[in-house]
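1. dropping the sequence and predicted coords here.
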Amino acid sequence: MNEEVAIIEGVFDLLLPEVPSSRHRWGRKVWLRDIEVGSKGKLIFLEDGVFTVTSLSRIKSIKRTSEQLEIYTNSSIYKLRLLPGEPESQFE
């Protein structure tokens with residue numbers, strides 16, 4: 001699941017999954033890096049012309065369909081919509 005591109009559709013608290021925990025990230029286009037169970041993955045995004053990294057806490061599980069991705073960490077649920085046919089990351 002490395003080097004894929006997605007749009008953040010929501011970040012929710014693990015204990016209250018109906019309650020958004022971070023609305024400022026919603027709609028952000030991100031490159032996924034090291035998204036594997038047991039790792040501390042990264043979401044890389046472009047902000048004001050500079051690439052910025054959001055490090056996730058340890059990933060506990062991942063649910064995936066052809067269009068959606070849910071990443072469960074120690075404290076949050078990240079819901080993402082995968083963007084098909086996006087080019088590989090351009091920040092390397």
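-> Right, received. Where do you want to start?

2. next, the contact list for Ile44, please.
-> Neighbour list for Ile44: 30-33, 51-54, 89, 91 [criterion: CB atoms under 8 Å, 6 or more residues apart in numbering]. C-betas here are computed from N, CA, C, even on glycine.

3. ok, of the residues you listed, which come out buried?
-> The neighbour-count test (16 or more other CB atoms under 10 Å) applied to the contacts of Ile44 identifies 30-33, 54 as buried.

4. circling back to that earlier point, quick one: which of the contacts of Ile44 is nearest Lys42?
-> Nearest to Lys42, judged by CB to CB, of the contacts of Ile44 is Arg33 at 4.2 Å.

5. how close does the closest residue to the closest one other than its chain neighbours get to Tyr78?
-> Distances taken as CB to CB, 6 or more residues apart in numbering put Lys42 closest to Arg33, at 4.2 Å, once the chain neighbours are dropped. With distances taken as CB to CB, to the nearest Å, Lys42 is found 12 Å from Tyr78.

6. low-confidence ranges in this structure?
-> In the predicted model of the chain, residues 1-2, 85-92 satisfy pLDDT under 70.

7. do a quick rundown of the strands in it.
-> Assigned by DSSP state E, the strands in the chain fall at 5-13, 29-33, 42-47, 50-55, 59-64, 68-73, 76-82.
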